[in-house]
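Colleague: Sequence and predicted structure, then a few things I'm wondering about:
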Number of protein chains: 2
Amino acid sequence: MRPQFLYEKNLQGVANSVKRKQEQYRKIVRHLYYNGAASIAEIVKAVKISQPLVASLVDDLMSYGMLLDKGVGESIGGRRPNLFCLNSEYQYVIGVDINLHTLNLAVFDLSNKQIFREEIKYFDLENSNDYLNSLVDKIESMISQLGISREKFLAVGISIPGLVDAKQGLSHTHLSVAENGLARVLGDRLGINVLLDNDARTMALGEKAFGKAIDKENVLCLNLSNGIGLGMILNGELHSGKNGFAGEFGHILIDPEGKLCYCGKIGCLETLTSGKILVKNIREAVDKGQPTLLANYKKENKKIDLRAVVEAILQGDQFAIDQLNQMCEYLGKGLVTLIHLLNPEMVIIGGKIAHAGKFVIDPVTMSMNKYAMSRISSETELVCSDLLDDSALMGTMANVMRSVLSLD
Amino acid sequence: MRPQFLYEKNLQGVANSVKRKQEQYRKIVRHLYYNGAASIAEIVKAVKISQPLVASLVDDLMSYGMLLDKGVGESIGGRRPNLFCLNSEYQYVIGVDINLHTLNLAVFDLSNKQIFREEIKYFDLENSNDYLNSLVDKIESMISQLGISREKFLAVGISIPGLVDAKQGLSHTHLSVAENGLARVLGDRLGINVLLDNDARTMALGEKAFGKAIDKENVLCLNLSNGIGLGMILNGELHSGKNGFAGEFGHILIDPEGKLCYCGKIGCLETLTSGKILVKNIREAVDKGQPTLLANYKKENKKIDLRAVVEAILQGDQFAIDQLNQMCEYLGKGLVTLIHLLNPEMVIIGGKIAHAGKFVIDPVTMSMNKYAMSRISSETELVCSDLLDDSALMGTMANVMRSVLSLD
DNA sequence: ATTCTTTTATAATTTTTTTTAAAAGTATTC
DNA sequence: GAATACTTTTAAAAAAAATTATAAAAGAAT
């Protein structure tokens, strides 16, 4: 059987029996992917297929090389079970995390291990065929470097900032040079299926699959870097809205008397809270002689960027902390709107600012206490991401596996 | 077979074969309920069960009296199909729409027809056992009046304002005298299963099942009466949040310099837009001698309430229209936040103010044009409800059927 | 009137499950 | 520490369920 069999859904002109068998295989693979090694008995309970049938399906998958016999496991008072697990080298997934100035690449095996990881700095995102070409080149060279045959790659998962229509595989904000849609163009050139989504949503998927949102049903993930992104898990599912435009948290109204936003509106959250503004404010203050650790950066001719600011905060820089606190007041205001509307069980802060840990969590919590109806907000936990810079990349893997292993 | 068989999910100690059969029956009933009469061939396609099996299942359901043979239907170029439909008198659903001052009761048959309907005015909602008793009395007298045996009632669906935890059957804001939870208390006393939800969410379910949200996946339903309620259909499912507190649209921040809200916060949307405020403002203006049709109400010693205001607007009363316009500006601001966050395909305005039709739609549209990013808002249709005062009641029926006929 | 479609019924086959039994342990008792 | 009773897992046989294939029925189109 071709490894791709999992991918082929809604097959037409194929007997129903074949589809049903595929679905059965998928259920088993799905359970092993999400829950790790399991015995026949455990699989039976999980997938609701009878034991003789599960045994025979597992046999099949073993003979295809997709499953491995892990030997006998611990008993709970009887015969020891035979454990089976996914052959993590049976297939691979390519993860591509596109940022404005950096490109992160990874190859995952079926145990979610990164068997390859590369961070390419100064890889500036621009809407040109040159960019597309070098993106493809980078991926191609990674593939040939690994020496894994193309058929072994289940899909390429891509995370990209801006407006994205995941269903159609379109990136509206960036790389619109890809005429037939970014997903299709890249897919055609690489000869591998491509799955696209917005960075904040990909992060949310990463958190749901591998981070703090595991087993949670209603979780909001903030991507706090230079801008503000929002990915939402609602009723256990990623919410993208009609066109994939959901999550424009940065452009909700916070201050009607505020500043003009680049989007044309007045008083958007992003005019008050964002990494960009934080850096800008601090740079201006440094120029005016504000005492802060970051002043040294300037003296040493190092760039004051968001990373530097967070570093200073972690070193206890009073001024930078104060600046962050001010932003968090506004951010909290915005979050309260979200919480009132969506009643999530958890809010996860990710992105570069998440490195600041309690220095973000505490002031945002304070702001929420002030502005939120406590009956609602007390049900919501506010935390920083564990995955941090890896969450989007991990999310691409989660997105691919979610898509491939989805039932129905 | 007992009619209640559809209701019994997650049965324990029952053979898998029985559960599977139940699921098959449910699929067929579900299709017939949602799509009306169908031939065996149509059912086969819809439920993905083979034709001989569907035929035998339909036979079974006919023998139980749940399905009726509707005779032959139109042909599309071959033998005419035998059509089957639900026996609409096989079971009934009781709908209860609790409002602050009015109680709406209905009994639905399986074709969604209201075979009984009663509007009880001046039935003021208060947190007392007296209220509970008279509620039960009203329902009981309706049942006995109809002369339908209790077993024939599939469930009671209830719509109630305020914070509701539908999963647990709890009403937090109103009727907290019901100690074990409103749903259980009423269920025990009536001897019929009770399904509870918040009024705005029930309306959303009504719109999704019977109104303008049919076939839409992401729809927001506003309940504009004295307060502001919000029910959300996201990814095709009702969104309730972790505790059922989602939808507190009235308490999102709109004006940081604004007035104190009764919730303790400053500048909530409800301090700027709500039927209550509208009426209050108009009353004050009338007292000050403002020329308006509503001034006559006062002279005639009639009460100026929301209904009167809407009537005046529909008669073209310039002042009332102007007051509504002002509110709609704020409402539009709030809606923009929703649209930016959730990217819905439609926003439906319901509640008493929905009777104003274009007098609400037009100013809100204008406000949205002003405050929203057009790329996103242009994907969202803004309409008034068709169901109007019936939407919550219809929603209770939809809620019951959704729950009973849900797969898995 | 004949051919073609579509629907329904029946028979044959396949798939899946239930049942039963065997295998391989653990826990307990003497 | 061996013997026995009890559990859990797996395998095989028997039974049931569901599907596919086929045929018949009923009407439409030509």
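Modeller: Now that the structure is in, tell me what you want to look at.
Colleague: Does the strand or helix carrying residue A:325 reach chain B?
Modeller: Taking DSSP states H and E as the criterion, the element that holds residue A:325 is helix A:318-342. Yes - in terms of C-beta under 8 Å from any C-beta of the partner chain, part of helix A:318-342 sits within range of chain B, namely A:333, A:336-338, A:340-342. (Glycine included, C-beta is placed from N, CA and C.)
Colleague: wait, residue A:192 sits on residue A:152?
Modeller: No - look at residue A:192 against residue A:152 with C-beta atoms under 8 Å: they stay out of range, at 9.8 Å.
Colleague: okay, the two: which has more neighbours?
Modeller: residue A:192 (20 against 16; other C-beta atoms under 10 Å in any protein chain shown).
Colleague: Just the pLDDT at that one, thanks.
Modeller: On the pLDDT scale, residue A:192 is placed at 95.
Colleague: how about it, secondary structure?
Modeller: Using DSSP: H, G, I helix; E, B strand; the rest coil, the three-state assignment for residue A:192 comes out as coil.
Colleague: phi, psi of residue A:115?
Modeller: Backbone torsions for residue A:115, taken as degrees, to the nearest 10, come to phi -90, psi -10.
Colleague: which residues sit in contact with it?
Modeller: Contact criterion C-beta atoms under 8 Å, 6 or more residues apart in numbering or on different chains gives A:92, A:107-109, A:146 as the residues in contact with residue A:115.
Colleague: Can you name the two of those residues that sit furthest apart?
Modeller: Using C-beta to C-beta, the two most remote members of the contacts of residue A:115 are A:108 and A:146, lying 11.7 Å apart.
Colleague: So which of these two has more stuff around it?
Modeller: For residue A:108 versus residue A:146, the count of surrounding residues by other C-beta under 10 Å is larger for residue A:108: 26 against 15.
Colleague: With only the CA atoms kept, save the helix or strand hosting residue A:392 in PDB.
Modeller: Residue A:392 is part of helix A:391-405 when elements are defined by DSSP H and E. Coordinates of the C-alpha atoms in helix A:391-405 are reproduced here as PDB (Å, rounded to 0.1, in the frame of the first residue of the first chain):
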ATOM      1  CA  SER A 391       4.900  26.900  18.800                       C
ATOM      2  CA  ALA A 392       4.100  27.900  15.200                       C
ATOM      3  CA  LEU A 393       6.500  25.300  13.900                       C
ATOM      4  CA  MET A 394       5.000  22.600  16.100                       C
ATOM      5  CA  GLY A 395       1.600  23.900  15.000                       C
ATOM      6  CA  THR A 396       2.400  23.200  11.400                       C
ATOM      7  CA  MET A 397       3.000  19.500  12.300                       C
ATOM      8  CA  ALA A 398      -0.200  19.500  14.300                       C
ATOM      9  CA  ASN A 399      -2.100  21.000  11.400                       C
ATOM     10  CA  VAL A 400      -0.900  18.400   9.000                       C
ATOM     11  CA  MET A 401      -1.700  15.500  11.300                       C
ATOM     12  CA  ARG A 402      -5.000  16.900  12.200                       C
ATOM     13  CA  SER A 403      -5.900  17.200   8.600                       C
ATOM     14  CA  VAL A 404      -4.600  13.800   7.600                       C
ATOM     15  CA  LEU A 405      -6.000  11.900  10.500                       C
END
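Colleague: Now that helix: average pLDDT?
Modeller: Helix A:391-405 shows a mean pLDDT of 96.
Colleague: Repeat that for stretch A:53-71.
Modeller: For stretch A:53-71, mean pLDDT rounds to 92.
Colleague: That stretch near chain B at all?
Modeller: No - taking C-beta under 8 Å from any C-beta as the criterion, stretch A:53-71 and chain B are apart, separated by no less than 12.3 Å.
Colleague: quick one: is that stretch near DNA strand D?
Modeller: Yes - Stretch A:53-71 lies within reach of DNA strand D by C-beta under 7 Å from any atom of the strand, at residue A:55.
Colleague: for that stretch, which positions count as buried?
Modeller: A:54-55, A:57-58, A:60-61, A:66-68 (16 or more other C-beta atoms under 10 Å in any protein chain shown).
Colleague: Just the terminal-to-terminal distance for it.
Modeller: Between the opening and closing residues of stretch A:53-71 there is a gap of 20 Å (C-alpha to C-alpha, to the nearest Å).
Colleague: I'd like to know which of the buried residues of stretch A:53-71 are part of strands.
Modeller: Residues from the buried residues of stretch A:53-71 lying in strands, with DSSP state E as the criterion: A:67-68.
Colleague: which one of the buried residues of stretch A:53-71 sits closest to residue B:399?
Modeller: Using C-beta to C-beta, residue A:54 is the member of those that sits closest to residue B:399, with 36.8 Å.
Colleague: show me what contacts whatever residue of the stretch 51-200 of chain A ends up closest to chain B?
Modeller: When distances are taken as C-beta to the nearest C-beta, the stretch 51-200 of chain A approaches chain B most closely through residue A:163, which lies 7.3 Å from it. Listed by C-beta under 8 Å, 6+ apart, the contact set of residue A:163 reads A:171-173, A:198, A:244-245, B:375.
Colleague: Return, as residue ranges, the portions of the stretch 51-200 of chain A with sub-threshold pLDDT.
Modeller: Scanning the stretch 51-200 of chain A for pLDDT under 70 picks out nothing.
Colleague: Can the helix holding residue A:392 be said to contact chain B?
Modeller: No - contact between helix A:391-405 and chain B is absent, the nearest approach being 13.8 Å (criterion: C-beta under 8 Å from any C-beta).
Colleague: Name the residue of the stretch 101-250 of chain A that lies nearest to chain B.
Modeller: Each residue of the stretch 101-250 of chain A has a distance to chain B, by C-beta to the nearest C-beta, and the smallest belongs to residue A:241, at 2.5 Å.
Colleague: Would you confirm that residue A:337 contacts residue B:253?
Modeller: Yes - with contacts defined as C-beta under 8 Å, residue A:337 counts as touching residue B:253 at a distance of 6.2 Å.
Colleague: Now chain A against DNA strand D: closest residue?
Modeller: Scanning chain A for the residue nearest DNA strand D gives residue A:78, at 2.0 Å (criterion: C-beta to the nearest atom of the strand).
Colleague: And what about that residue, helix, strand or coil?
Modeller: Going by three-state DSSP: residue A:78 is coil.
Colleague: and the gap between it and DNA strand C?
Modeller: When C-beta to the nearest atom of the strand, to the nearest Å is applied, the distance between residue A:78 and DNA strand C equals 5 Å.
Colleague: what sits against that residue?
Modeller: When the contact criterion is C-beta under 8 Å, 6+ apart, residue A:78 has no partners at all.
Colleague: Break down the stretch 51-200 of chain A into its helices, ranges please.
Modeller: Counting by DSSP state H, counting those that start in this stretch, the stretch 51-200 of chain A forms helices over residues A:51-63, A:129-146, A:182-190, A:199-210, given from the N-terminal end onward.
Colleague: hey, which of those is tucked in deepest?
Modeller: helix A:199-210 (a mean of 28; mean count of other C-beta atoms under 10 Å in any protein chain shown).
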